[in-house]
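K.L.:
pasting the sequence and the predicted model now:
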Amino acid sequence: MESTCSPARPVAPADTYWLTRFVLLRWIGFVYVIAFYVAANQLVPLVGANGLTPATLFFQRVVASPEYGSAFAGFLGFPSLFWWNCSDTWLRVVPWIGVVISCVVLAGYANALMMAVLWFLYMSIVHAGQSWYGYGWEIQMCETGFLAIFLCPLLDARPFPSRAPPWQIIFLFRWLIVRIMLGSALIKLRGDSCWTDLTALYYHFETQPIPNPISRWFHFLPHPVLQFGVIWTFVVELGAPWFVFWPRWGSYIAGALIISFQFTLIVSGNLSFFNWLTILPALACFDDRFWRWIAPTFLTSCAVEAQLAAKPSRAMNGTAWAVTGLVALLSIQPVLNLALPGPNGQAMNTSYDPLHLVNTYGAFGSVGRERPVIIFEGTDGADPATATDWKEYPYVGSPWDPKRTPPFIAPYQPHLDWQLWFAAMASYREYPWTLNLVWKMLHNDPAMLGLFAGNPFPDHPPRYIRAVLYVYHFAKPGNPEHVYWTRDRLGPWLPALSVDDPQLLSALREEGWLK
């Protein structure tokens, strides 16, 4: 972007947020691009008309439930554009609209209308996405996107518009990062003894949802280093939030600690866009004085020029105060959840309103000591009991072939891999959509197979599909077998099934996936 701003303007006072707003909006534009692109690629095979958990069936069940009873009540409980049109075409169009608008925001142009559209489009996807979109960063994206609406003027989309960024909204972003950090710290203290005995990182890098190529290096660090990592986690998550609202240097230090910690998590694992999104509210800890130290001269000149030409807006200021009051009211339950958890303990990644405006957050409240992995296999053999030609279906990010080094895929999120990470810790009866997955494998469904990294039966569907449960461990670097993982077979997770298996057909009909 070429600058038309004069570099000779006088320097503006320090307690302003023109450059802060510029950075926040560009950052959320980037995260939105990733989030909508993921949805554009995966919504149809996940929740389309022929998807693993069709959204149409979900909406029908909401309407039929005693809690709602009508489409209007269902919409109020799960606001989404897809109540009116849930076709596969619309499931593709909506995310691509989001991608286009997000790219405009990333390029430097945003107003309140554009940000409101992005917020509602993404919330629509979250509600139609069901358990595939049941992660904490999805509601965090909704809360963050809502706040971003009020950073901008209603119509003026210039990078440096004539209206000053409301300081109240900047402080609400800080309030968001305080809740995220404290929620994550407290759920660790309350959730698993490995955090308090400083052993959590002995297991975390190996058992996290999707490791990356560097995760194994972290795993084999000396135990004292890993113990220090746990201590440092609490320094950042439990200590830094208390300085977010301090005067300048206090907030600078808090923001720097939180952001550097998030980059450590980005480097050590494939945690979707969660850490990139969490960095965003921490950026609000920095005012224009900080950004002028590192921003290009033409940006600081543009910010100063915009400030000198700024016009006050009673409507924008009043709206900012109204949003602040709303957030304060909606914060009561999340704060009580942190300070005085109920009989079932502290809730983690929970929303208290259908718009996901103010939520409670947390991460890794429990850490697995082992890594179970479900491996789907197919065969052309006539008898699954004696077949020896079982072929494995490769995952996009999760471990399967012990020789395969995990890829870097974050901030992209392969939803199937993530859900199977949870399913491996339970039975297929708790995840009935895995039966629909098998059914589609038995028919070589192209949309569903796109959720895998490849298809071992490209010319014809297999005769049988089964799922086997393994436990994976990192192999030590430099091992003579040149493998990245070792694995031990635990046994069948799902028995061998064929297209005419009566139990499979009965289960599919019961769920409404087969007529």
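P.N.:
The structure has been received and is ready for your questions.

K.L.:
hey, C-alpha coordinates of stretch 158-166 in PDB?
P.N.:
What follows is stretch 158-166, C-alpha atoms only, in PDB (Å, rounded to 0.1, in the frame of the first residue of the first chain):
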ATOM      1  CA  ARG A 158     -10.000   3.400   5.200                       C
ATOM      2  CA  PRO A 159      -7.000   2.000   7.200                       C
ATOM      3  CA  PHE A 160      -6.900   5.300   9.200                       C
ATOM      4  CA  PRO A 161     -10.400   6.700   9.200                       C
ATOM      5  CA  SER A 162     -11.600  10.000  10.700                       C
ATOM      6  CA  ARG A 163     -12.900   8.400  13.900                       C
ATOM      7  CA  ALA A 164     -10.600   7.500  16.800                       C
ATOM      8  CA  PRO A 165     -10.600   3.900  18.000                       C
ATOM      9  CA  PRO A 166     -12.700   3.700  21.200                       C
END
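
K.L.:
now do it: everything it contacts.
P.N.:
1, 5, 16-18, 20-22, 108-109, 111, 150-153, 156, 302-303, 305-307, 309-313, 316-317, 319-320 (Cβ atoms under 8 Å, 6 or more residues apart in numbering). From N, CA and C alone the C-beta is placed, and that goes for glycine too.

K.L.:
buried subset of those residues, written for ChimeraX?
P.N.:
In ChimeraX syntax, the buried subset of the contacts of stretch 158-166 is picked out as below (16 or more other Cβ atoms under 10 Å):
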select :5,16,17,18,20,21,22,109,111,150,151,152,153,302,303,305,306,307,310,313,316,319,320
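
K.L.:
next step: the contacts of stretch 158-166 restricted to helices.
P.N.:
Secondary structure assignment by DSSP state H places 18, 20-22, 302-303, 305-307, 316-317, 319-320 of these in helices.

K.L.:
quick check, central residue of this structure?
P.N.:
residue 137 (3.8 Å; Cα atoms, centre = their mean).

K.L.:
tell me which helix or strand that one sits in.
P.N.:
helix 136-149 (DSSP states H and E).

K.L.:
tell me what angle the helix or strand just after that helix forms with helix 136-149.
P.N.:
Toward the C-terminus, helix 136-149 is succeeded by helix 167-191 as the next helix or strand (DSSP H and E). If you take axes from the mean of the first three to the mean of the last three Cα atoms, to 10 degrees, helix 167-191 sits at 170 degrees to helix 136-149.

K.L.:
residue 470: what secondary structure?
P.N.:
strand (DSSP: H, G, I helix; E, B strand; the rest coil).

K.L.:
for it, what are its contacts?
P.N.:
With contact taken as Cβ under 8 Å, 6+ apart, residue 470 is in contact with 372, 373, 375, 487, 488, 489, 490.

K.L.:
now the two most distant members of these.
P.N.:
375 and 488 (12.2 Å; Cβ to Cβ).

K.L.:
between these two, which is the more surrounded one?
P.N.:
More crowded of residue 375 and residue 488, by other Cβ atoms under 10 Å: residue 375, with 24 against 10.

K.L.:
need the pLDDT of that one.
P.N.:
On the pLDDT scale, residue 375 is placed at 98.

K.L.:
same deal with the one 4 residues further on?
P.N.:
Note for residue 379: predicted pLDDT of 97.

K.L.:
I'd assumed residue 464 was in contact with it.
P.N.:
Yes - in this structure, residue 379 is within contact of residue 464 by Cβ atoms under 8 Å, at 5.2 Å.
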